[in-house]
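*Asks:* Below are the sequence and a predicted model for it; my questions follow.
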Amino acid sequence: MIIEVNNETSTRQLGEKLGSLLKGGETIELVGDVGAGKTTFVKGIAIGMGISEDVQSPSFTINRVYDARDGLRLAHYDFYRLNDAGIMSNELAEVVNDEKAVAVIEWANIVEGVLPEQRISIWISAPSEEERRFAIHANEALLQQLA
């Protein structure tokens, strides 16, 4: 499924819609260049999950965890600065198998072997300064709800 948005607010709203549909146990892989809008999208996911805390990019801390609605947690990872995930692979393996967690991973290629086959993959491209194109690969039921 391809969804195109034309501003930062729409990017956040798309993330919010996805976040409202999450039930826990999902793994979301975000792929896109620096500045594509990955963190803005995650801020929307957080809003949709009932998180009021300010979501920040984990580029320097590698991960951040936020408490969400219904006893869920949002675990946001950014492996941009790593060549080898090391011990973070073990932590991520636990999170992706936790039914009360939603794992969102930026630059996931470094932990490809840890990611479950059944995951939501979102490729974000920026055709212009404001526009974003989201190529979303997920199960059909989720895609129908997101449309």
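*Replies:* It's in. Numbering: from 1, shown residues only.
*Asks:* okay, CA-based contacts and neighbour counts for the rest of this
*Replies:* Fine.
*Asks:* What mean pLDDT does the longest helix anywhere in the chain get?
*Replies:* Looking across the chain with DSSP state H, the single longest helix is helix 8-21. Mean pLDDT, helix 8-21: 97.
*Asks:* what do you get for stretch 134-145?
*Replies:* For stretch 134-145, mean pLDDT is 95.
*Asks:* cool, stretch 45-53 as well?
*Replies:* Across stretch 45-53, the per-residue pLDDT values average to 97.
*Asks:* in the protein, which spans are helices?
*Replies:* With DSSP H as the criterion, the chain has helices at 8-21, 38-48, 88-96, 140-146.
*Asks:* quick one, which of these is packed in tightest?
*Replies:* Compared across the helices of the chain, helix 38-48 shows the largest average neighbour count, a mean of 25 (mean count of other CA atoms under 10 Å).
*Asks:* now that helix against helix 8-21, angle please.
*Replies:* Here helix 38-48 runs at an angle of 50 degrees relative to helix 8-21 (axes from the mean of the first three to the mean of the last three CA atoms, to 10 degrees).
*Asks:* check contacts around the residue nearest in space to the middle of the chain.
*Replies:* In the chain, the residue lying closest to the centroid (CA atoms, centre = their mean) is residue 104, at 3.5 Å. For residue 104, the contact set (CA atoms under 8 Å, 6 or more residues apart in numbering) comprises 27, 28, 29, 30, 42, 74, 75, 76, 77.
*Asks:* Swap in 7 Å and give it another go.
*Replies:* 27, 28, 29, 75, 76, 77 (CA atoms under 7 Å, 6 or more residues apart in numbering).
*Asks:* Which pair of the residues you listed spans the longest distance?
*Replies:* 29 and 75 (12.0 Å; CA to CA).
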